[in-house]
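Undergrad: Predicted model follows, preceded by the sequence.
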Amino acid sequence: MLPGPRNLITDVPGILVGNAQDATLKSGTTVLTSDSSFTASVHVMGGAPGTRETDLLAPDKSVAKIDALVLSGGSAFGLDACSGVMDALHEAGRGYPVGPARVPLVPGAILFDLLNGGAKAWRENPYRALGRAAFEAAAPDFALGTAGAGTGALTAMLKGGLGSASLVLEGGATVGALVAANPLGAATTPGERHFWAAPYEIGEEFGGAGPDPDAGLGRVLESRKTAALQKLAGSPLPPERANTTIAIVATDAALTKAQCQRLATAAHDGIGRAIVPAHSPGDGDLVFAASTGARALDAPDADLGTLCHAAALCLSRAIARAVYLARPEPGDLLPCWAAS
């Protein structure tokens, strides 16, 4: 397996991604879409998710395909980004046909970035407009780090961000991951030089620092993020209420909705390998899985297992790239990896 030409989820043929963000708000939205509807499912492992239309993605539900997926900042306010995407899809005449009507199907998930130093005293919810702008910007190339849904993201010790990575399998199928990393846990080992995901790095895609040579890691959990949020809030804010890692894995392999759900479930291993701790009661950790269906599987059971493994690898790498590529902005609460 090797990364695709962009090392982005858009190496999956037909997948497009767009970002929209507001530096003053310190928040933004990321949209994944395609020129045609695609099969998708989801798996949630965090204890505090914020979602829209995810029940529809269960294998036993009637609708098989959707039109876009949304990752957004803004906590529950950010779910309105899906409405902006729906508006644009509706104008384009896209959506699930119900007689003469068409209903765009746009599941989404959000992360909490309401206490990151940005200006949040809006009079009108900004996320509907951000969702539409992100959809209209969808293209094969898009920014990582402090961009889109990762604009205001924070890890325990450093700025988080938006990350992506891809792999092309020996059989020709492509797998990619897209993530907005804003976890309770840390993406780096103590000292913030080495990434937990270092064993899975390809080349120097997130700095090439290699694995931490120390042993016995993970027993002491520090969080600059918690201290900064409590100071900003002026109260002992429960740290477990201000986090999440939300992601999408995608492939051109033809998968059913049930197989997509298995892909999403397995991809959570990538979060567990790249963030410590992961899947906490207060994280909203969630992975969507999408299939464009362009490439048939030769050996469905064996091929699905390989796809699941590749999705987890891509997601670990994408999380590290999100933190590695974060850039400093005025009013930041935490440093970036490059300045640590």
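TA: Thanks, I have it. Numbers count the residues shown, from 1 in each chain.

Undergrad: Identify the bridge partners of the nearest residue to residue 256 once chain neighbours are set aside.
TA: Setting aside the residues directly before and after it, residue 256 is nearest to residue 39 in space (CB to CB, 6 or more residues apart in numbering), at 6.9 Å. Backbone N, C-alpha and C define where each C-beta goes, glycine included. With DSSP bridges as the criterion, residue 39 is bridged to residue 65, residue 291.

Undergrad: Just the pLDDT for residue 39.
TA: The model reports residue 39 with a pLDDT of 96.

Undergrad: Neighbours of it, how many?
TA: Other residues within reach of residue 39 by the criterion other CB atoms under 10 Å amount to 20.

Undergrad: didn't residue 148 look like it was pressed against residue 71?
TA: Yes: counting by CB atoms under 8 Å, residue 148 touches residue 71, with 7.3 Å between them.

Undergrad: hey, what's in contact with both of these two?
TA: 29-30, 180 (CB atoms under 8 Å, 6 or more residues apart in numbering).

Undergrad: which one of the residues you listed is nearest residue 254?
TA: Of all the shared contacts of residue 148 and residue 71, residue 30 has the smallest distance to residue 254: 25.2 Å, by CB to CB.

Undergrad: Give me the three-state assignment for that closest one.
TA: strand (DSSP: H, G, I helix; E, B strand; the rest coil).

Undergrad: How about it: which residues does it bridge to?
TA: Beta-bridge partners of residue 30, as defined by DSSP bridges: residue 19, residue 71.

Undergrad: Identify the residues contacting it.
TA: Counted by CB under 8 Å, 6+ apart, residue 30 has contacts 17-19, 70-72, 134, 142, 147-150, 162, 178, 180.

Undergrad: Take the shared contacts of residue 148 and residue 71 and write them to JSON lines, including distance to residue 61 and pLDDT.
TA: Output for the shared contacts of residue 148 and residue 71, formatted as JSON lines (distance: CB to CB, whole Å; pLDDT from 0 to 100):
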{"residue": "29", "distance to residue 61": "25", "pLDDT": "98"}
{"residue": "30", "distance to residue 61": "25", "pLDDT": "98"}
{"residue": "180", "distance to residue 61": "25", "pLDDT": "98"}
